[in-house]
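**Q** Quick one: sequence and predicted model below, then my questions.
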Amino acid sequence: MKTGDFVEARRRLKEKSLAATEKLATLAEAASLVEDGDHIGIGGCMFTRTPLALLMEILRQGPTDLTLSKNLMCNEGEWFMAAERATTIITSWLGIGLPWGISRIMRENAESENPKVYYENLSHMALGLRFRAGAMGLPFLPTLTMLGSDLMSVAEAKTMTCPFTGEKLCLVPALFPDVALIHVHRADRFGNCQVDGYPFMDADVAAASTRVIVTAEEIISEDEIRRYPERTLIPGFMVDAVVEVPFGSFPHEVHGLYRADYSHFDEYVDEIRNHGTGAIRDYLDHYVFGVENHEEYMAFFDQQKIAELVDEARMLVEA
Amino acid sequence: MSIQYSNAELLAVTASREMVGVNTIFAGVGIPLLAALLAKHTHLPALTIVVEGGSIGPQVVPGYLPISTNEMRISHRAQQLVSITDIFLLTQRGFLEVGFIGGAQIDKYGNINTTVIGSYDRPKVRLPGSGGANDIASLCRDLIIVTRHERRRFVPKVDFVTSPGFLEGGSSRRDAGLIFGGVRRVITDLGIMGFDEESKAMQLEYLHPGVSVDRVLENTGFDLLVPDEIPLTEPPTLEELEHLRRIDIDRRFL
C-alpha cells in the first residue's frame, strides 16, 4: 500500500464482513489470521495491556516478514527481532523501562553493518496521529510536533505552510495496519470490547486496521455490555475474532487485575546481560516454543507471586 | 549537623522549587515526576500533574512509584484517563504550562538527544528513542530539563536532535514552526542553567553550595556563558527529603 493510501484502505474494508455474528475463536484460530508480510498494529502501551498471549501464539505459528507498530515497544518487540520474524518496527521508543537499561538486541541491530530490522523513529504523538489519521480514513494529519527536530528527516513526515495562517505545519501520514492485536478486560461473543483504566491508542489502532483480533480477560454476556455501553472501546462489527484469555497480558499488566511482574523483567534482563542476546532466543524456547498453549505457559509462574500482583492491582484502583 | 542527600535528591528538590506559580505540568517518570509530586506537596497545592500514558491528576501511593508513564501505579486516583493521542493534543492546544523531562545528551542550545550517539545510519550507541520527549519539548509552554552534569553529556552539538530546545539558537526554533515554548531551565547536580535572551545560548545562573564555577566548566563540553555574579541554591531541607524518600521507598530513582 502506498503511504497514507486511504482509498485502498477503504477498498480493503469492503472485503471484510461487518456482520454482528459470533466471533469467538481459539487462540490458534485467531493467530492464523496473521499472514506473512502483514503489518501488525499492537494495542496497549509499554508493559500495559499488551496482547502477549496472542503475540506468543503468532510466534509459535511462524508468520514472517512482519512490520510491527506500537507506541512504546516493550520486550515483545525484542522477541520478534530475536525470532527473526520482524523486518520493520515503527515505534517512538523500545525497551522495558529506564531501570532495565537500553535494549541490547535493538542496539546490536542498529549498530551492525547490515541491520536486519528497519526501525522507523518518530515521536509518541506522531505515531498516535498516524493511527488517528488511519482511524479517520484520511491520508494524513497536521501537527506542530516534531518540527525542527532531526526526527523530521528520519520519520515519514513532511512540512507544509498552513493555507489559512501561513504558519509551518508537520504532516504525518496515516497508518493502515493489516491486523490490529488488542487485549481488553471484557468482550462479548460478538466482539464488543470494554476496558478499564487507560484507553491508550487501541480504538484508533482497531479502526485503522483491516482485521482486528481481540483477546479478553473475560467473555461476558451481551446484556452486560449493553448495561454500560459508554465503556465500550471497540464495537463488535470491527472485530474478526475474539478469544477469552485470562492473564492474556502476563507478565505485563492489566489495569485493576494484575500488576506487571517487575522481578520477571529483572531476571529476563539479567540473562541478556550475562549471556548476550542469545538469551532472548533461550527465553522464547522455554516460554513460547516450549509450550503448546497459554495454560502451559502460565504454569511456569508461581501462584503466590501472581496473588501478590493481583492484590496490588486491586489496591491501586480502590479510590 | 549537615543533612546528607544524593545527587538525585538534590536534582528533585531543586527542580520542585523551580516550579513557581505553575498550575499544569507534563512530567516524565523518574526525577521529573518525583519533583512534581514534591512541588504539589510543598508549595503548589493547585498543581495538576499530567502523565504521558493518559493520566490527568494522578496520585502516587507512597512506596508504589511508577517505573513507566503508562502503568496502573500512575493512574491511581486520577481525575481523568484519556487516550495517549488526546493527552498530547491537549498539550498541542496549549494547556500544559511546563514540560519536565530528562535527557541523555544536551547541547549549548538545550537540544536533547535520546536517539543515537554517533551517526544515525551507523550509530556507536543506539538509545531508546523519543517516546513523548519530543512532543513535550515541542508543545509545552516551557520546558525544564533535569540531567547529570557530565562533560560527555554536555556537548557543543548533539549528534541527533530528538527533542528540540532552541535548535541553532536565535530565532531558529520559531523559524522551524515552533512558535511557542522553549527551554526555561536545565537543572543539574552542579547548578541551574538558563538561556541568554537573544542568542539562546546556555548560561550558568545558580551554583549548588560547595560547587565552583571551574567545576561546572570542567564538566561542560562547550563555552557556557558565565555572568559575574552567581547566586547559590539553598540545600534541600529534611522535610523535602523525607517526602521524596517516602514516595520512592525502593530508591529506584533516588
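**A** Arrived safely, thanks for sending.

**Q** Distance of B:His208 relative to B:Met193?
**A** From B:His208 over to B:Met193 the distance is 12 Å, taken as CB to CB, to the nearest Å. Placement of C-beta: from N, CA and C, glycine included.

**Q** thought B:Ala78 was touching B:Val60?
**A** No - using CB atoms under 8 Å, B:Ala78 makes no contact with B:Val60, being 10.7 Å away.

**Q** Only the buried residues of stretch A:263-282, if you could.
**A** A:His264, A:Phe265, A:Tyr268, A:Val269, A:Ile272, A:Thr277, A:Ala279, A:Ile280, A:Arg281 (16 or more other CB atoms under 10 Å in any protein chain shown).

**Q** now do stretch B:123-138
**A** Neighbour counts over stretch B:123-138 (16+ other CB under 10 Å) mark B:123, B:126-138 as buried.

**Q** quick one: the strands in the chain?
**A** Reading this off chain A. Here chain A has its strands, by DSSP state E, at A:39-42, A:66-69, A:86-91, A:118-121, A:140-143, A:158-161, A:168-173, A:179-187, A:193-194, A:211-219, A:232-234, A:241-244.

**Q** let's do chain B instead
**A** Counting by DSSP E, chain B has strands at residues B:24-27, B:48-51, B:55-56, B:80-81, B:98-102, B:105-107, B:112-113, B:116-118, B:123-126, B:142-146, B:154-155, B:183-187, B:191-195, B:202-207.

**Q** In the sheet, which strands lie alongside the second one, parallel or antiparallel?
**A** When pairing is defined by DSSP bridges, strand B:48-51 lines up against strand B:24-27 (parallel), strand B:55-56 (antiparallel).

**Q** and B:His43, which of the ones you listed is closest to it?
**A** With CB to CB as the criterion, B:His43 lies closest to strand B:24-27 of the strands paired with strand B:48-51, at 13.1 Å.

**Q** Other residues contacting the closest one?
**A** The contact list for strand B:24-27, computed with CB atoms under 8 Å, 6 or more residues apart in numbering or on different chains, reads B:19, B:33, B:35-36, B:39, B:47-52, B:91, B:95-100, B:136, B:140.

**Q** Chain B: which of the strands of chain A is closest?
**A** Comparing these against chain B with CB to the nearest CB, the closest turns out to be strand A:168-173 (3.1 Å).

**Q** Once you drop chain neighbours, what's closest to the residue nearest the centre of chain A?
**A** By CA atoms, centre = their mean, chain A has its centre lying nearest to A:Ile42, at 1.9 Å. Using CB to CB, 6 or more residues apart in numbering or on different chains and skipping the chain neighbours, the partner closest in space to A:Ile42 is A:Lys70 (4.0 Å).

**Q** show me what contacts that neighbour?
**A** A:Gly41, A:Ile42, A:Gly43, A:Gly44, A:Cys45, A:Gly77, A:Ile90, A:Thr91.

**Q** how about the helices in the chain?
**A** Went with chain A since none was named. Listed in chain order, the helices of chain A (DSSP state H) span A:6-14, A:27-31, A:52-61, A:75-82, A:104-111, A:124-136, A:151-154, A:202-208, A:222-227, A:262-275, A:278-287, A:294-298, A:303-317.

**Q** Actually, chain B is the one I wanted.
**A** Along chain B, counting by DSSP H, helices occupy B:7-18, B:31-42, B:84-92, B:133-139, B:172-175, B:213-218, B:238-247.

**Q** how near is the residue nearest to A:Ile42 to chain B?
**A** Using CB to the nearest CB, to the nearest Å, one gets 11 Å for the distance from A:Lys70 to chain B.

**Q** hmm, back to that, nearest to A:Ala260, of the strands paired with strand B:48-51?
**A** Proximity to A:Ala260, assessed across the strands paired with strand B:48-51 by CB to CB, is greatest for strand B:55-56 (16.0 Å).

**Q** Mind listing residues that contact that closest one?
**A** With CB under 8 Å, 6+ apart as the test, strand B:55-56 has contacts from A:Tyr198, B:Thr48, B:Val50, B:Asn70, B:Ile74, B:Ser75, B:Ala78, B:Gln79, B:Gln80, B:Leu81, B:Val82, B:Ile87.
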